[in-house]
Each structure stands twice: as C-alpha cells, then as structure tokens.
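Visitor: Structure for the following, please:
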Amino acid sequence: MLLLLLSTLQSCSEDVQRSMKAIPTAFGQLNEIVIVMDDELWESPVGDTIRYYYSSAYPLLPQPEPVFDLRHFTPLELKKDPLRKELRTYMLVGNLSDEDSPTAQMIRKDIGEEMSESARGDITKNNAAGRDKWAKGQLLLYQFAYSNQDLIKVLKENYPAIKKRVNKFDEKKLESYAYLNGVNNNLINEVKESIGISIRMPSDYFMAINDGEVIWMRKETDKTSSNIMLRKVKYEDQEQLSKENLIAMRDSLGKKYVSSTIEDTYMQVNDEDLPVIFNTTKVNGNYAVEGRGVWEIVNDFMGGSFISYLILNPNKGELLFVDGFLHAPGEDKRDFMEQLDYVIHTIKFQ
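Guide: The predicted model follows:
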C-alpha cells in the first residue's frame, strides 16, 4: 500500500507557538523509530505486531540485532519532555474508534477529519506521512484503523512500504556516517586505474593489497575492521551467478588472502551455523546477485558478517566480485554493515 503524503499537518495551536520561536533541528540515531501510541495498545497484540516486524532480526549477523531500534512514548510523555518531540522518525499508531484515546485524537488532528473518516469504510486508506511537525528534518508515519483487528492487518500489510520509506529517509544520515571525513581521492583513482571501476571510498580506508588479481581496502579502528575486496573475472555463463559460485569465490579469496596471526588459519564462509541469504538485485542499474552471511577464521576464534556481490558488466563480458566484511568483536554490527553496503552501492563501471 502506498503512503499518502500530507501537504500540511493540521495543528493550528502548535503552529502559532512555533512561529514565535526558532524551530529546532531533529536529532536521533540511524534506524531508530519512535512509536507514539497509548500504553493499552502498546501492551496489546497491536504492540506485539509492531515489535514482531520492526524489531525482527537484521540479516545476517553473528548475534541478533533488530532491523529498527524502537522507542515508545505516549502523547502525554511527549508533552512532558519537549526533547522527545525533536527526534527524527515517528510512527503514530491508533484505533480511531476510541474517541478518548490521546493518540487517536492526535492522529485525527494531524491528518484531518476527511482522511480519518475515509478510513472508516476503506481499510486501504489507513496510512499517511508528514514532515517536520515539531522539528526540521522529521518524518512522521501514521497508521490507523477502526478496530484493533484491522489495525494489526494494517501494520502487517504496510510493513514493507514503511521499512522502505524509513530506509530511504535514513540515507543522508547513513552517508554522513560513512563519509564522516570525506573521500579518499587517491584510493578512488588507484581503483579506477587498476580495474576500471569507480567506487567512492571514504577517506579513512587504505589500500591493503593491489596485486593485479585482487584489490583489498581496509578501515581500521580500535574496535572495528571494515574491509572491501574487489576482483574482476570473465563472464562465461549463467552458472557463475549462482549461490554456490559466489560462496566458492569468496572462500578461495579468503583462503589465499585472509588469516589471523596464528599459522594455518584462513577465512571461510560459515554456512552451518547460519545459512547464506541469497538474492538477485541491482547495483547502480547493473544486474547482480547478493549473498549475506557470516565468516569464520579456520583454526582460530574469529568471525563476523559479510555481504558479497557478483555484478554483471554486460558491455565488457565481465563479472565484478565485491565483498564487504566486518570484524567487530563485542560491538553492534548492523550500522557498520549498512555503511559497507552503502559504499559498495556507489560502484559504477567505466
């Protein structure tokens, strides 16, 4: 179901107040959604549905982390602490048949009576979106119905569109994290000259290996190691774009190039503890296959997450193998993996 963009949020008294003082800029973390709803609904199967979908496991990490971090406030709790109204992403959820519900009243006021009433007879008209209600740079998503049963159905059916909307809204923040200190032009030029690929590398990456077969770029901090490997191969047939071939290619590079300080160690895909998730996709318009999973170091106690791509360059009859992998023991990994994936998606063929 498509989200409807509200041209205005109908909150006259708040508009008057805002006109008399500076409007703050919204703050908050990546992948964070503030759920605004009454306590009774939050503790009911409606709240369970929200947690089931929006707190589901991000694919695919060694230890489970949610797709989104959720915070829950009632309208009264928002009113008590003005800073709670200055976060980035909100989802207001209400049963509009409950006239005494503070959240339902807020939703009606924001979306207007016409839209509220249209949802009474048509369950497809059950969501809306607004911007900058309390601060600049906010996204507000509204989900509503006239019974708890219908509201649960709405939440289930709208989840893919809502997730996509929030991820799109988060892109600028994700970019600011990935390129906090700018880009590494020397690295960008070296990759372009070596294999004819454009990739926008952050400034804190360095060239670890460029031996004519593989390019390996790394970013090292006290807590994390982020890595991107590139290798071009001739495209011969469709079988190369299989899950088995992607894993085999990754394992071959892992065995040749990646080890720990212990002798006879090497990297390999661990698809016994967690299966590799495999999909077809596109990277900057080019057909690709994608694999997500976890890696381990054989004969040592090290592991982490990876995302690999085989991207088809039909103009040159080539495949580009791209692997992003992370080692971050004791750290949350979701946001770091998203940064790796964001950088990978800047790849363009020359």
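
Visitor: Backbone dihedrals for A145, please?
Guide: Backbone dihedrals for A145, given as degrees, to the nearest 10, come out at phi -160, psi -180.

Visitor: same question, Y142
Guide: When read as degrees, to the nearest 10, the backbone of Y142 gives phi -110, psi 130.

Visitor: go on, L180?
Guide: Per-residue torsions, L180: phi -60, psi -40 (degrees, to the nearest 10).

Visitor: Same check on G47?
Guide: Recorded main-chain torsions at G47 are phi -60, psi -40, according to degrees, to the nearest 10.

Visitor: now it, nearest residue through space, not along the chain?
Guide: For G47, ignoring the flanking residues on the chain, the nearest one in space by Cβ to Cβ, 6 or more residues apart in numbering is L41 at 6.0 Å. Bear in mind the C-beta positions are built from the backbone N, C-alpha and C, glycine included.

Visitor: The one you found touches I107, doesn't it?
Guide: No: taking Cβ atoms under 8 Å as the contact criterion, L41 and I107 are not neighbours in contact, 11.9 Å apart.

Visitor: intersection of neighbour lists for these two?
Guide: Residues touching both L41 and I107 comprise G94, with contact defined as Cβ atoms under 8 Å, 6 or more residues apart in numbering.

Visitor: Can you check what pLDDT the model gives the residue nearest to G47?
Guide: Confidence at L41, expressed as pLDDT, is 97.

Visitor: when you give positions from now on, start the count at 181
Guide: Right, with 181 as the first residue, what we last looked at is L221.

Visitor: so it sits in a helix?
Guide: Yes: under the criterion used here (DSSP: H, G, I helix; E, B strand; the rest coil), L221 sits inside a helix.

Visitor: Neighbour count for L221 and I287, which is higher?
Guide: Between L221 and I287, counted using other Cβ atoms under 10 Å, I287 has the larger neighbour count: 25 against 22.

Visitor: Please report how far that one lies from F516.
Guide: Counting by Cβ to Cβ, to the nearest Å, the separation of I287 from F516 is 36 Å.

Visitor: same thing with I395?
Guide: When Cβ to Cβ is applied, the distance between I395 and F516 equals 20 Å.

Visitor: Ok, R430 next?
Guide: Between R430 and F516 the computed distance is 19 Å (Cβ to Cβ).

Visitor: Okay, helices next: where are they in the stretch 231-380 of the chain?
Guide: Remark: helices of the stretch 231-380 of the chain, listed N- to C-terminal, are 255-260, 282-291, 293-301, 328-349, 351-358, 365-375; assignment by DSSP state H, counting those that start in this stretch.
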